[in-house]
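A.B. asks: Need coordinates for the below:
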Amino acid sequence: MVANGSNAVQASIDSNYDRETELKAFDDTKAGVKGLVDAGVATVPRIFIQPPCNSSETPAPAKNQFSFPVIDLAGIREDPIRRKKAVGKIRDAVETGGFFQVINHGIAGRVLAEALDGTRRFHEQDADVRKQWYTRDAGKGFVYNSNFNLYSAPAACWRDTFNCTMAPKPPNPEELPEACRAMLVEYSKEVTQLGDSLFELLSEALGLNPSHLKDIGCADGLVIMGHYYPACPQPELTMGTSEHADSGFLTVLLQDQLGGLQVHYQNQWVNILPTPGALVVNIGDILQLVTNDKFKSSKHRVLANRIGPRVSVACFFTTAMQPSTKVFKPINELLSEDDPPKYRETTVREFKEHTIKCLDRTSALLHFKL
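C.D. replies: Next up, the predicted model:
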């Protein structure tokens, strides 16, 4: 959401100000957006103010009438009828909006609560302790900062994040912060098991062998991100997370009860309202590529909010952070004379690097179209 009334916003954004200096000053605090809030900031700094959109390109406001499906995974291993029903619902969801929620997914409520609590603990510990982990070296096992694209994005978002690559090569536990160490180890194991089940169901939704997507490497990598969205004094001026599509294969999101996640669906922004105990699942761009557009990856965003903090834990099945020469292309079994490949082959790393360059909100998939 951007500010209404472009004159007011333009007045706030002085083209003569030294943006680069302000970005560096913010980054050098190593305290993130949380540091601004703790310091009592009453207005959103200029580096966070989103540029006004061209009115002709502005999507319709968010609507609440539509609900993405909530799919019950209870008994899918024991009961073939339940499994077939779940596969059908998942197929319908991923062929249209690319998003759905799952309940009875096998991850205990205690584990979900601890995932959120561990994320909150890290971000709310003493700033001097947090600063020890602050870095822009993406090659480190644990990375904490505010806005990974701080220096390249048109505007910063009102959010701090830590991320950790848990597969295929997890860090040693002692390399992780004490505040979230146990959580990361336990939650990654639980989400990996759920991911295996989801990739089986998605494979079946394509009419393939249940192990197909896992066999070609879709489940090889796992990155966990712990997002922290502090309360914002002027949420109409900025975003929690700007509009984007996920670049990996599959994302599993745990969000708290504050809400704010929206999906761009049928030219409208649709709220994904929190469902207790549910996890949000969405298709990533690479999975759209390998399924030759049978599955859809949708853009989404998170609104800033006067109420906060909002906490979420996003798990990305991707090998983007690992050097790999493995090539992905549309699955042969899904192709025919009437449905030839729509994309050229690529590596996950190449795709991710191109995604980072797409600052104009265009889909990275377009670059790989044949």
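A.B. asks: contacts and neighbour counts: CA atoms only from here.
C.D. replies: Will do.
A.B. asks: Now stretch 112-131: buried residues?
C.D. replies: 112, 114-120, 122-123, 127, 130-131 (16 or more other C-alpha atoms under 10 Å).
A.B. asks: Sort out for me which of those are in helices.
C.D. replies: The members of the buried residues of stretch 112-131 that map onto helices under DSSP state H are 112, 114-120, 122-123, 127, 130-131.
A.B. asks: could those go into a markdown table alongside distance to Val44?
C.D. replies: Output for these, formatted as a markdown table (distance: C-alpha to C-alpha, whole Å):
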| residue | distance to Val44 |
| --- | --- |
| Leu112 | 32 |
| Glu114 | 31 |
| Ala115 | 29 |
| Leu116 | 26 |
| Asp117 | 27 |
| Gly118 | 27 |
| Thr119 | 24 |
| Arg120 | 22 |
| Phe122 | 24 |
| His123 | 20 |
| Ala127 | 20 |
| Arg130 | 22 |
| Lys131 | 22 |
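A.B. asks: Sketch out the low-pLDDT regions of the stretch 151-300 of the chain for me.
C.D. replies: Within the stretch 151-300 of the chain, no range satisfies pLDDT under 70.
A.B. asks: So which residues of it form helices?
C.D. replies: According to DSSP state H, counting those that start in this stretch, the stretch 151-300 of the chain carries its helices in the segments 181-205, 212-215, 285-290.
A.B. asks: Give me whichever of the ones you listed is most buried.
C.D. replies: helix 285-290 (a mean of 26; mean count of other C-alpha atoms under 10 Å).
A.B. asks: can you dump the C-alpha coordinates of that helix into CSV?
C.D. replies: Extracted in CSV, the C-alpha atoms of helix 285-290 (Å, rounded to 0.1, in the frame of the first residue of the first chain):
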residue,chain,number,x,y,z
ASP,A,285,8.7,-19.3,-9.8
ILE,A,286,11.0,-22.2,-10.5
LEU,A,287,8.2,-24.7,-9.8
GLN,A,288,6.0,-22.8,-12.3
LEU,A,289,8.9,-23.1,-14.8
VAL,A,290,9.4,-26.9,-14.4
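A.B. asks: Packing partners of the next helix-or-strand element following it?
C.D. replies: Remark: after helix 285-290, the chain's next helix or strand is strand 300-303, criterion DSSP states H and E. Contacts defined by 3 or more C-alpha pairs under 8 Å, 6 or more residues apart in numbering; DSSP states H and E place strand 300-303 against strand 239-244, strand 261-265.
A.B. asks: export the ones you listed to a markdown table and tack on distance to Ala231 and mean neighbour count?
C.D. replies: A markdown table is the format used below for the helices and strands packed on strand 300-303 (distance: least, C-alpha to C-alpha, whole Å; neighbours: other C-alpha atoms under 10 Å):
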| stretch | distance to Ala231 | mean neighbour count |
| --- | --- | --- |
| strand 239-244 | 10 | 22 |
| strand 261-265 | 15 | 21 |
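A.B. asks: Quick one: these as JSON lines, columns for distance to Gln50 too.
C.D. replies: Formatted as JSON lines, the helices and strands packed on strand 300-303 follow (distance: least, C-alpha to C-alpha, whole Å):
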{"stretch": "strand 239-244", "distance to Gln50": "7"}
{"stretch": "strand 261-265", "distance to Gln50": "17"}
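A.B. asks: who wins for proximity to Asp18 among the ones you listed?
C.D. replies: strand 239-244 (21.4 Å; C-alpha to C-alpha).
A.B. asks: Name the residues of stretch 249-260 that are buried.
C.D. replies: 249-256, 259-260.
A.B. asks: I'd say Lys296 and Ile283 touch.
C.D. replies: Yes - shown here, Lys296 and Ile283 form a contact pair, counting by C-alpha atoms under 8 Å, at 6.4 Å.
A.B. asks: In terms of neighbours, single out the busier of these two.
C.D. replies: Ile283 (26 against 23; other C-alpha atoms under 10 Å).
A.B. asks: residue contacts, the more buried one?
C.D. replies: 94, 98-99, 246, 249-251, 295-298 (C-alpha atoms under 8 Å, 6 or more residues apart in numbering).
A.B. asks: repeat that for 6 Å
C.D. replies: By C-alpha atoms under 6 Å, 6 or more residues apart in numbering, the contact set of Ile283 is 98, 250, 297.
A.B. asks: can you pull out the strands in the stretch 1-150 of the chain?
C.D. replies: According to DSSP state E, counting those that start in this stretch, the stretch 1-150 of the chain carries its strands in the segments 60-63, 70-72, 99-103, 142-145.
A.B. asks: Packing partners of the longest one?
C.D. replies: Just to be clear, that refers to strand 99-103. Judged by 3 or more C-alpha pairs under 6 Å, 6 or more residues apart in numbering; DSSP states H and E, strand 99-103 is in contact with strand 70-72, strand 279-283.
A.B. asks: Could I get the ones you listed in CSV, plus columns for distance to Val290?
C.D. replies: Output for the helices and strands packed on strand 99-103, formatted as CSV (distance: least, C-alpha to C-alpha, whole Å):
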stretch, distance to Val290
strand 70-72, 24
strand 279-283, 11
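A.B. asks: so which of the ones you listed gets nearest Arg19?
C.D. replies: Of the helices and strands packed on strand 99-103, nearest to Arg19 by C-alpha to C-alpha is strand 279-283, at 34.5 Å.
A.B. asks: relative to helix 181-205, how tilted is the closest one?
C.D. replies: 50 degrees (axes from the mean of the first three to the mean of the last three C-alpha atoms, to 10 degrees).
A.B. asks: who does Phe162 bridge with?
C.D. replies: Tyr144, Gly226 (DSSP bridges).
A.B. asks: How about the contacts made by it?
C.D. replies: 143-144, 225-226.
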